[in-house]
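[1] got a structure for you, letters missing:
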């Protein structure tokens, strides 16, 4: 090498002249093959950097570690790919399970989903690429604290550590926005970092960060992905606030309807008794139906036949959320009263009154104050 040379003519690396060329550390084999000796020196320097030197903090190398939003975009892309993979695997597993044991298990499906996601992240992140497809698309990779490739079991620990990040209301994920090396909680637990591939390559070459150098920006498609899925994520609580109460009302009304259906037999018994005797039956036995406690369902605790007065018979349907019934709490202790009145020609006219909340009553029933 010439005295004024700053780069190696063979490999193009910058030369540390004080160590590599000044003679303070003589290289006995450089006389015969100086290029090979210099290459060996740089190889040893690179090995030492990866083994003995940890990745610098984000404040010292702002373009090395992956930013929070870049990681979000990578995760969304991985989630979309996992949906496709999980859908295919789920269909195959469900068909096989049904053919073998002639039924399918929801618990087995959940367990399979966890296994598929675990294998996806663990195998890709411990592979030679050190990244899932989503991270590859965003130029990211997963390393240990010295920038080296991680093993399968460390990647496994990192994956299951995400459950803890979820359990603390996703704060573990948000930690990637402010920690020293932009690590999420599960990264810290597994001793991992998520870095930009271009920054890692520079670190491996032993090049220091040059102030003023900016890393490549996030692709437009990744920004659009975050915006679209972020909008959907924000819409979920709004839709839930609208749909959950509506669904609850639907469930209560369906339980009220079940009470109306169970009362059908009692109404028929009252009509037959009235047509025969010209008066209303005073009990279930008179009407020829089972005892009140025997006419039950999942939500209805009893159906009782009685007389309101000389001109009116009735069927009282009671609801309960005490075992073995499990009606909605809004129906516990409430009742439907179907009142029969003799009309022209001996026919019976029926009216419905109830202390069930008005919003949960069917349109043909009139609400009564709770009493």
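    Alright, I've got the coordinates. Given the structure is predicted, the values throughout are model-derived calculations rather than measurements.

[2] need phi/psi at residue 148.
    Reported as degrees, to the nearest 10, the phi and psi values for residue 148 are phi -90, psi 160.

[3] how many neighbours does it have?
    14 (other C-beta atoms under 10 Å). The way it works is simple: take the backbone N, C-alpha and C, and place the C-beta from them, glycine included.

[4] check it and give its pLDDT.
    pLDDT, residue 148: 91.

[5] do the same with the one 5 residues further on
    The predicted local distance difference test score for residue 153 is 94.

[6] check which helix or strand it maps to.
    Using DSSP states H and E, residue 153 sits within helix 152-167.

[7] that helix: how far from the chain's middle?
    In this view, helix 152-167 has its centroid 15 Å away from the chain centroid, taken as C-alpha atoms, centre = their mean, to the nearest Å.

[8] buried residues, it. List them.
    154, 155, 156, 157, 158, 159, 161, 162, 165 (16 or more other C-beta atoms under 10 Å).

[9] so what does that helix touch, helix or strand wise?
    Secondary-structure packing of helix 152-167 (3 or more C-beta pairs under 8 Å, 6 or more residues apart in numbering; DSSP states H and E): helix 106-125, strand 140-144, helix 171-174, helix 185-190.

[10] who does the shortest one touch, helix- and strand-wise?
    Read it as helix 171-174. helix 152-167, helix 185-190.

[11] quick one: least confident helix or strand in the protein?
    In the chain, the helix or strand scored least confidently by mean pLDDT, DSSP states H and E is helix 34-52, which has a mean of 45.

[12] what's the first helix or strand after that one?
    Using DSSP H and E, the next helix or strand after helix 34-52 towards the C-terminus is helix 68-101.

[13] would you check that residue 335 makes contact with residue 353?
    No. Look at residue 335 against residue 353 with C-beta atoms under 8 Å: they stay out of range, at 9.3 Å.

[14] what sits against residue 185?
    Applying C-beta atoms under 8 Å, 6 or more residues apart in numbering, we find residue 185 in contact with 161, 164, 165, 168, 171, 172, 173, 175.

[15] dump these into a markdown table; add distance to residue 186 as well.
    Formatted as a markdown table, the contacts of residue 185 follow (distance: C-beta to C-beta, whole Å):
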| residue | distance to residue 186 |
| --- | --- |
| 161 | 3 |
| 164 | 7 |
| 165 | 5 |
| 168 | 11 |
| 171 | 12 |
| 172 | 6 |
| 173 | 8 |
| 175 | 9 |
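
[16] from these, pick the one nearest residue 223.
    residue 173 (18.9 Å; C-beta to C-beta).

[17] doesn't residue 184 make contact with the closest one?
    Yes. Using C-beta under 8 Å, residue 173 is in contact with residue 184, at 5.3 Å.

[18] which residue of those two possesses the greater neighbour count?
    residue 184 (25 against 20).

[19] what backbone torsions are found at that one?
    Per-residue torsions, residue 184: phi -80, psi 170 (degrees, to the nearest 10).

[20] need the contact list for the nearest residue to it once chain neighbours are set aside.
    Of all residues not flanking residue 184 in the chain, residue 176 sits nearest, at 4.3 Å (C-beta to C-beta, 6 or more residues apart in numbering). Shown in contact with residue 176 (C-beta under 8 Å, 6+ apart): 66, 68, 71, 182, 183, 184, 187, 194.

[21] try it again with 7 Å
    Each residue near residue 176 by C-beta atoms under 7 Å, 6 or more residues apart in numbering is listed here: 68, 71, 182, 183, 184.

[22] from those, list just the buried residues.
    71, 182, 183, 184.

[23] among the residues you listed, which two are most distant?
    By the measure C-beta to C-beta, 71 and 183 form the most distant pair in the buried ones among the contacts of residue 176, at 10.5 Å.

[24] wait, residue 113 sits on residue 83?
    No. Judged on C-beta atoms under 7 Å, residue 113 makes no contact with residue 83 at a distance of 10.2 Å.

[25] secondary structure element holding residue 339?
    Here residue 339 is assigned to strand 335-342, by DSSP H and E.

[26] so how far is that strand off the chain centroid?
    Worked out by C-alpha atoms, centre = their mean, strand 335-342 lies 48 Å from the chain centre.

[27] so which elements touch it?
    Counting contacts by 3 or more C-beta pairs under 7 Å, 6 or more residues apart in numbering; DSSP states H and E, strand 335-342 packs against helix 220-277, strand 312-319, strand 348-354.
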